Each structure stands twice: as C-alpha cells, then as structure tokens.
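Engineer: Need a 3D model of the following:
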Amino acid sequence: MDRNEILCKEYDAVRGEIVTGLSNRVRILSVGITAVGLIWAAAASQYGSHPGFASLVLVGAVPLMALPILWIWFGEYERVQKAGIWQSYLEGRIKVQSQKDPKIEETVLTWETWQRKRRDDEQKERKLKWRPDPAITLLCTIVVLSVVLGSIIALLSQMEAIGRTAVCVAAIAWLGVTAAVYRNFVSIACRRRVMMPQEYGLP
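Structural biologist: Just a heads-up that it's a prediction; the model follows:
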C-alpha cells in the first residue's frame, strides 16, 4: 500500500465522520424540537383549567429541555468543523501525490477546499466573522418565546402574587441565561480558531 492509498483511506474515514456529525446534528435538532412541541402541547392543554401550571411548564420545562439540546448540537457542530479542516488538509496532500502520477491529468478532490474558500470569501465580502447558524437562532428564539408567553400567562392568571412574582423572576433569569448562551456561542465561533495541520509541523 503506497502513501496515496493511505491518505485516501484516511480521507474516506474523515468524510465518514463528517457525514455522521451532520446526521447527528439533524437528529439532535429533531429530538429537541419534538420535545419542545410536546411540552407546548401539554401547556396548551392545561391553559384553560390550570393557567398557572401552564405558565410554569413554559417558563421552566422548555428552557431546561432546549438549552442542553443546543449545547449537544453545538458540540457536533464543532466536531464537523474540525473534521472539515483536516479533510481540506488531506485534499492538499492527495493532490500533491496525484501530481506525481502521470496517469492523473486532472485536479482531484477539490470539494472541501472549494467550500471553505467560498465561505471565507463570502464572509470577507460581508465583513462578517461568523454567521449564526439557523439552528442556534431557532432554539434560542423558542426559549425566549416560551419564557415570555409563560410570563404573560402568569400575569393574567389568578395565581397568588408570590407565584406570579416567582414566575417572572424565573423568566428574567432564563432570558439572561439564554442571552449569555447565545453570546457565548457567537464568541466561540468568532474567536476560537481551529489550528491548521501545518501549524503542528505537518507537511
């Protein structure tokens, strides 16, 4: 087995990891949205008879479900990003090796390199360091809407004053946590730079 075959096998393995990561992201998001939908349905079913309980469900259960799902999803997001960097590096190595083979006349394996160059050029044109992924925005928006709606239901219900106060305090706390989580993801994506393989001394 020559060097090019080894690199191609590693390329296939990394590509498989990327596909697995993308599939995991879809499954995680699907589970999260389904769970939130069930919680919303439970809150809606109790709104007429027990509005206080409905508000507690919206303010408490939805953030407790959505935010951990978001953290797990972001872990898969970073995994795919790192694998993509390595795959781009492997593409360069394989292209160098293929140029030594007279039987290969065309440039090979350009997809990941082209994707990254296109994205980098687009971000430079728009002067953006990072474009928020729709999944992050969606889950954070779901939490904010649920918390705000739960607070409104609590204020309009016949709950005791201490209960309404507790719900509103919890809602404000969750809004702060959600804003901090979103800002943290943006900060990580903007500031955390994945080291290129060449920076580790690799050819």
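Engineer: what about the chain, any weak spots by pLDDT?
Structural biologist: 1-2, 97-132, 188-203 (pLDDT under 70).
Engineer: Which other helices and strands does the helix or strand hosting residue 173 contact?
Structural biologist: In this assignment (DSSP states H and E), residue 173 forms part of helix 161-191. Judged by 3 or more Cβ pairs under 8 Å, 6 or more residues apart in numbering; DSSP states H and E, helix 161-191 is in contact with helix 51-56, helix 62-98, helix 134-156. (C-beta placed from N, C-alpha, C; glycine too.)
Engineer: Please repeat the previous calculation with a cut-off of 6 Å.
Structural biologist: helix 134-156 (3 or more Cβ pairs under 6 Å, 6 or more residues apart in numbering; DSSP states H and E).
Engineer: Contacts only, for residue 153.
Structural biologist: 51, 54-55 (Cβ atoms under 6 Å, 6 or more residues apart in numbering).
Engineer: one more time with 8 Å
Structural biologist: 47, 51, 54-55, 58 (Cβ atoms under 8 Å, 6 or more residues apart in numbering).
Engineer: Leaving out sequence neighbours, find the closest residue to the spatially most central residue of the chain.
Structural biologist: The C-alpha lying nearest the average C-alpha coordinate of the chain belongs to residue 74 (Cα atoms, centre = their mean; 3.7 Å). Leaving aside its chain neighbours, residue 74 sits nearest to residue 185 (6.0 Å; criterion: Cβ to Cβ, 6 or more residues apart in numbering).
Engineer: What of residue 79?
Structural biologist: Residue 79's closest residue in space is residue 21 (Cβ to Cβ, 6+ apart), at 4.9 Å.
Engineer: secondary structure element for that neighbour?
Structural biologist: Per DSSP H and E: helix 3-47 holds residue 21.
Engineer: Off-centre distance for that helix?
Structural biologist: Mean C-alpha position of helix 3-47 versus that of the full chain (Cα atoms, centre = their mean, to the nearest Å) differs by 10 Å.
Engineer: how many other residues sit next to residue 182?
Structural biologist: 19 (other Cβ atoms under 10 Å).
Engineer: For it, give its distance to residue 138.
Structural biologist: 11 Å (Cβ to Cβ, to the nearest Å).
Engineer: What about the closest residue to residue 29 other than its chain neighbours, how many residues nearby?
Structural biologist: Using Cβ to Cβ, 6+ apart and skipping the chain neighbours, the partner closest in space to residue 29 is residue 135 (5.4 Å). Neighbours of residue 135 under the rule other Cβ under 10 Å: 19.
Engineer: cool, residue 76 as well?
Structural biologist: Residue 76 has 19 nearby residues by other Cβ under 10 Å.
Engineer: Kindly report the same for residue 4.
Structural biologist: 16.
Engineer: any idea how far residue 89 is from it?
Structural biologist: 15 Å.
Engineer: repeat for residue 77
Structural biologist: Residue 77 is 19 Å from residue 89, by Cβ to Cβ.
Engineer: Which neighbouring residues are in contact with the residue nearest to residue 79, exactly?
Structural biologist: Taking Cβ under 8 Å, 6+ apart as the test, what residue 21 contacts is 76-77, 79-80, 83.
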